[in-house]
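# Curious how this folds, go ahead:
(3 chains)
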Amino acid sequence: MPLLELRGINTHYGAVHILKDVDLAIFPGELVCLLGGNASGKSTTLKTLLGMVTPTTGDVVLDGEIVTHHSTSYRVERGVTMVPENRRLFKRLSVKENLELGAYLRTDRDGIANDLERVFEMFPRVKERLNQKSGTLSGGEQQMVAVGRALMSDPRVLLMDEPSMGLAPALVQTNFELIQQIHEEGVAIFIVEQNANMALSIADRGWVLQTGKVVLDDSAEALLANPELRASYLGESGSV
Amino acid sequence: MSGSLVVVAKNSAEHKKWKYVQWAYLAGFLLLTPLVLQPFEIGKMNRALIMGVAILAVNLVVGFNGMLALGHSAFMGIGAFVTASMVQDENWDYWQVIPVVVIVGFLMGVIVGLPALRVKGLYLALVTIAQAAVFPTLVNIDELGIAKRTGGPNGKGVSEEVIAPSYLEWLPGVDGARGGSAYRYWIIILMVGITMLLITNYLRSRPGRAVLAIRDNEAGAAVYGVNLPIVKTMNFAISAAVGSLAGLMWCLDKGFVAGQDFTFLLAVDLIIGLVIGGVGTLQGGLVGGLFVVWVNDLTKRISVPLGLYTLNGDGPLAKAIFGLILILFTFFAPGGIVSLGRMISNKLIKVVPLTPAGAPIEPMEGFDPGMESTRADSAMKLSIAGPVLLGVGWLLMNVNNLMVGVLAFGLRMTILVAPVAMLVGSNELKAHAEGNRPDSVKGPASMARNLGALGFLFVIGYALQRFILTY
Amino acid sequence: MTTTHDAKLTSRVLWVDRFLTLIRITFIVVISVGLLAFVAQQINPQNPFAQWANPDATGLTAPQFKGLLVTGLAQGAMYGLIALGYSMVYGVLGFINFAHGEVFMVGAMSGMITSNKLADAGLWEDAFLLCLLFIVVTSILLSTATAVIMERVAYRPLRGAPRLIPLITSIGVSFFLQNLSVVLLGPGAKSYPTLPSWLSQKRSLVGFQIEGTKLLVLLTAAVSMAGLWFLVERTRTGKAMRAVAEDKEIAALMGIDVNRTIVKTFAVGGAMAGVAGILWGILFRSVIHTTGFLPGIKAFSAAVVGGIGNLGGAMAGGLSLGAAEATAPLVLLEPLGVDGVSQLRDAVAFAVLIFVLLVRPSGLFGERLSEDERA
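Presented below is the predicted three-dimensional model:
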């Protein structure tokens, strides 16, 4: 059974039809990616998964339960979370407070303490900076805190919005290694990216979104080999 | 075809005809006011017009530049006190004071506006509210000769009343009992007209467009080279100057100025009038002024029998109701009365632009026969409604003296709709003669034309009668 | 072409800057000359500065100055408490809740009613501290309820509307509440019962002679502030409030109920205004429906002076504004030969605001705004 699923989603902003019959399914422990250019409907897809946008028709299914009209916090409590684009830390709060806010809905003190240790193990740098205001961290450190904050909610599926955006090329590489590391611990990961090459190199499967429609749905190898995709996303010349 | 009674192409002969009708109405309304109303009612009208100018000033900042200004009561006060002092102490004429008041108001605007507008539009609200709060106490201060100029807590009167010189006595209403207030009414109307004209031109000018651009997209305006603090401050200063001018008119009309007339309550009245009249519209100020003055008066009269009348002259119930009205308007009609009025007038007449080829974008005639007959029908109904109400009112008045209201309503209704019904009816008949309408249109259309013409004649007769009676 | 245009632009900027510098210099000159004259007066009471316009002027004595300072601080503490509500709401929603002064008025009115009832029952003099606790609690409940209802009815439906709209609505709310109070309680000023004599006695404290009431005001304000600080900095709710103030979308992503947190923000601000209302009643013993107006705008000025959105700043801004308006007329203006200075209190308070806007636009302690507010 899929962990998180979109079934026949249609979304409108006023008169504008953003998502058209989108179907997606993320299975437990998978690493999948959604590719698409600007204004293809990627962020609306994410917002729909998280309940920040309510679709006109269609259902969002979490663990077999229809959660289309449930709040974001309901879904976060049940194991969905996101690392937002550009990290968006609470810059005036300390690193520690940012991590604690990640576990805002949890009440199991021991579990929280364990997860905090896990984050420190993964990012020793974060532990050093614990009482610093997060706005004063470097870009790479902020990325660590953002991922750590998401992990603090003990997610079963982690949505990542443009993880390579705004990072130096060297950091992009480390970042994707990090994603794989989290994935190895059994967390399903859903990456939304423009950087198709990098995303497909680590993903199992992928979808391609174009003007609100899923136009391709295949394994990562097949997508990498797809000539159309290569032409439009990987910068190779060819027929579109 | 949007259900409008009449659709005309922009700048066509038809459109011009409607424009003349509108202007004729305005002229008729302005002309009849001093003739028909009692002197104290003319006084109220004057106050409404003055409030209208002040609201227009606030609108320059709030409606056209998107920033909240709450201190125009103080600018009005400054204008009024400068006028009172110059006229009373220095024996200047009112018209000589005008440039002084405008310059003083402008400078005060720069001084108050610049520190706040340099930082953030929202701080303007704070600074101006503070200004409105301290102004009434500042004018009482016994320092720098302020209290001597302003009369301190006792206020300052202008001993000479404004009355018409002999060569202006031909103005409607300027004679006998209502002479003074009617004459002031004409002066105020002239000033209102000139102010509106100047502001319209200002908003069309280069700086005016920059002001509008800032309201619509501040960052975008800055990218196109609009110097935000300067344009905002200049606009605020112009608005302050207009507010001071309203203060001059206040002094001219009332002949007495006191600090407690220019408290924060006046500033709130200005905001209420603005929201209810229509934020960001030129007419909104005048409509709002009428609303504030008349409704204030009305609710005050309601409050007296309820025992809710306070000594300072404002019924608290009235003010509580004002607060509620303000909230309701921001929720349900953020465009104010003017936008509601536009909606209604769009139902009556719709002006459509022409394509470059000269044909109107929307088809004018022979498009939907069913719709056309509805048009004639509604015109007919309109033409009937006014006179019927008039008749009912007349009957009721003879039976029971209390029903004068119905008569008055019928009269107003007739005044408003008779010419519309007449023009629509004759239009439809013309279209029928040209073969563009089914026969079913003919009956209602001719009825609308004839009844409308009758109503129109009646109105003209009524106006003439009033005119003759008064002279 | 471009160069001439640029030149024109630069010259215009210079013009504005010169003008602003001129205002700044005027301010600083007035302040420093006033201070110098004050010092001169302290050395020689027959100060030529002061006697230039007013031959009878004599300097303030040290006890007078201390008295003024304490009065100013007590009043400033109340400004600070009210300012917290303005500042928190501005930090979270980015608009001035003009009706917050009326929440304060509601608190003062509720205290007036309950304290008079208690006095009628003969409890007020006998068990003053218990009664005080009781009226503070009821006033907090009532003003919190007012603030919460206000948010729910008037502001929440307008979330996302252009920023001018809730501002105008808040004026309507303020107007409505003020006049509703007249309709319900009548127009005149109403008084608090007489305070027990042990409270109004003067006590000496580190060289200051402080009236018991003012001491009580300062203490209560300090306790409330400490409580607020603990709530905001040390609890889960406080963390949620700070998160919502910074970035509502991400706060929601953390599972925080943003609407509820905003309600809590209004509630906390309302509670602080309720406490301030009681303190006002105890200090001045008289309330009227317009009581909320001037303290309200001064409190908002205090919030701006301290740096809007910054809670410590709001309190510090309140204290400094209160102290400035109490002492500045007599310390700075009287030595300059200005008479009737006591009438200038309010004008001085707003002059402080303008001065801060001119020299430190983001407030003395820096502003804290949400992501979409910083534009």
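# Whichever residue of chain A sits closest to chain B and residue A:209, how far apart?
Nearest residue of chain A to chain B: residue A:14, at 18.4 Å (Cβ to the nearest Cβ). Backbone N, C-alpha and C define where each C-beta goes, glycine included. Counting by Cβ to Cβ, to the nearest Å, the separation of residue A:14 from residue A:209 is 20 Å.
# sec struct for residue B:92, please.
Recorded secondary structure, residue B:92: coil (DSSP: H, G, I helix; E, B strand; the rest coil).
# what about the closest residue to it other than its chain neighbours, neighbour count?
Excluding the flanking residues, the one nearest residue B:92 by Cβ to Cβ, 6 or more residues apart in numbering or on different chains is residue B:86, at 4.5 Å. By the criterion of other Cβ atoms under 10 Å in any protein chain shown, residue B:86 has 21 neighbours.
# I'd like the distance from the helix or strand where residue B:86 lies to the chain centre, please.
Mapping residue B:86 onto the secondary structure by DSSP states H and E places it in helix B:72-89. Distance, stretch centre to chain centre, for helix B:72-89: 23 Å (Cα atoms, centre = their mean, to the nearest Å).
# That helix packs against which elements?
In this structure, helix B:72-89 makes packing contacts with helix B:39-65, helix B:94-119, helix B:121-138, helix B:146-150, strand B:156-157, helix B:228-254, strand B:256-257, helix B:264-277, judged by 3 or more Cβ pairs under 8 Å, 6 or more residues apart in numbering or on different chains; DSSP states H and E.
# Throw the ones you listed into JSON lines and include mean pLDDT and mean neighbour count, thanks.
Below are those laid out as JSON lines (pLDDT from 0 to 100; neighbours: other Cβ atoms under 10 Å in any protein chain shown):
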{"stretch": "helix B:39-65", "mean pLDDT": "89", "mean neighbour count": "25"}
{"stretch": "helix B:94-119", "mean pLDDT": "87", "mean neighbour count": "20"}
{"stretch": "helix B:121-138", "mean pLDDT": "84", "mean neighbour count": "24"}
{"stretch": "helix B:146-150", "mean pLDDT": "73", "mean neighbour count": "17"}
{"stretch": "strand B:156-157", "mean pLDDT": "80", "mean neighbour count": "20"}
{"stretch": "helix B:228-254", "mean pLDDT": "91", "mean neighbour count": "26"}
{"stretch": "strand B:256-257", "mean pLDDT": "87", "mean neighbour count": "21"}
{"stretch": "helix B:264-277", "mean pLDDT": "87", "mean neighbour count": "27"}
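# Distance check, residue C:125 against chain A.
The gap separating residue C:125 from chain A is 48 Å, by Cβ to the nearest Cβ, to the nearest Å.
# repeat for residue B:465
Distance from residue B:465 to chain A, counting by Cβ to the nearest Cβ: 56 Å.
# ok, now residue B:207?
From residue B:207 across to chain A, the span is 34 Å (Cβ to the nearest Cβ).
# Surely that residue and residue B:232 touch.
No: if you go by Cβ atoms under 8 Å, residue B:207 and residue B:232 don't touch, sitting 10.7 Å apart.
# pLDDT of the helix or strand harbouring residue C:39, averaged?
Using DSSP H and E, the element containing residue C:39 is helix C:2-43. Averaging pLDDT along helix C:2-43 gives 72.
# which non-adjacent residue is nearest residue A:51?
Ranked by Cβ to Cβ, 6+ apart and with sequence neighbours excluded, the top spatial neighbour of residue A:51 is residue A:72, at 4.5 Å.
# Repeat that for residue A:52.
In space, residue A:52 is closest to residue A:72, 6.0 Å off (Cβ to Cβ, 6+ apart).
# Worst mean pLDDT across the helices and strands of the chain, which element?
You didn't say which chain, so I picked chain A. Using mean pLDDT, DSSP states H and E, the weakest-scoring helix or strand in chain A turns out to be helix A:227-233, at a mean of 73.
# oops, I was thinking of chain C
Across the helices and strands of chain C, mean pLDDT, DSSP H and E gives its lowest value to helix C:48-53, namely a mean of 61.
# does any bit of the next helix-or-strand element following it sit next to chain B?
Downstream of helix C:48-53, the first helix or strand assigned by DSSP H and E is helix C:62-93. No: judged by Cβ under 8 Å from any Cβ of the partner chain, helix C:62-93 makes no contact with chain B; its nearest approach is 8.6 Å.
# and stretch C:226-244, does that touch chain A?
Yes: Stretch C:226-244 reaches chain A (Cβ under 8 Å from any Cβ) through C:236, C:239-240, C:242-243.
# contacting residues around the nearest residue to residue C:34 once chain neighbours are set aside?
Spatial nearest neighbour of residue C:34, chain neighbours left out: residue C:332 (3.2 Å); criterion: Cβ to Cβ, 6+ apart. Contact analysis of residue C:332 by Cβ atoms under 8 Å, 6 or more residues apart in numbering or on different chains lists C:30-31, C:34-35, C:38.
# Dump the residues you listed to CSV, plus neighbour count and distance to residue B:29.
Compiled in CSV, these are given as follows (neighbours: other Cβ atoms under 10 Å in any protein chain shown; distance: Cβ to Cβ, whole Å):
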residue, neighbour count, distance to residue B:29
C:30, 15, 53
C:31, 15, 56
C:34, 20, 57
C:35, 13, 61
C:38, 23, 62
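# isn't there a helix covering residue A:8?
No: the assignment for residue A:8, made by three-state DSSP, is strand rather than a helix.
# number of nearby residues for the residue nearest to it when sequence neighbours are not counted?
Closest residue in space to residue A:8, ignoring its immediate chain neighbours: residue A:58 at 4.2 Å, by Cβ to Cβ, 6+ apart. For residue A:58, the neighbour count with other Cβ under 10 Å is 18.
# isn't residue B:224 right up against residue B:216?
No: the pair residue B:224 and residue B:216 fails to qualify as a contact (Cβ under 8 Å) at a distance of 11.6 Å.
# Using JSON lines, please lay out the residues of stretch C:226-244 next to chain A together with neighbour count.
Supplementary listing: these in JSON lines, determined by neighbours: other Cβ atoms under 10 Å in any protein chain shown:
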{"residue": "C:236", "neighbour count": "11"}
{"residue": "C:239", "neighbour count": "22"}
{"residue": "C:240", "neighbour count": "22"}
{"residue": "C:242", "neighbour count": "22"}
{"residue": "C:243", "neighbour count": "25"}
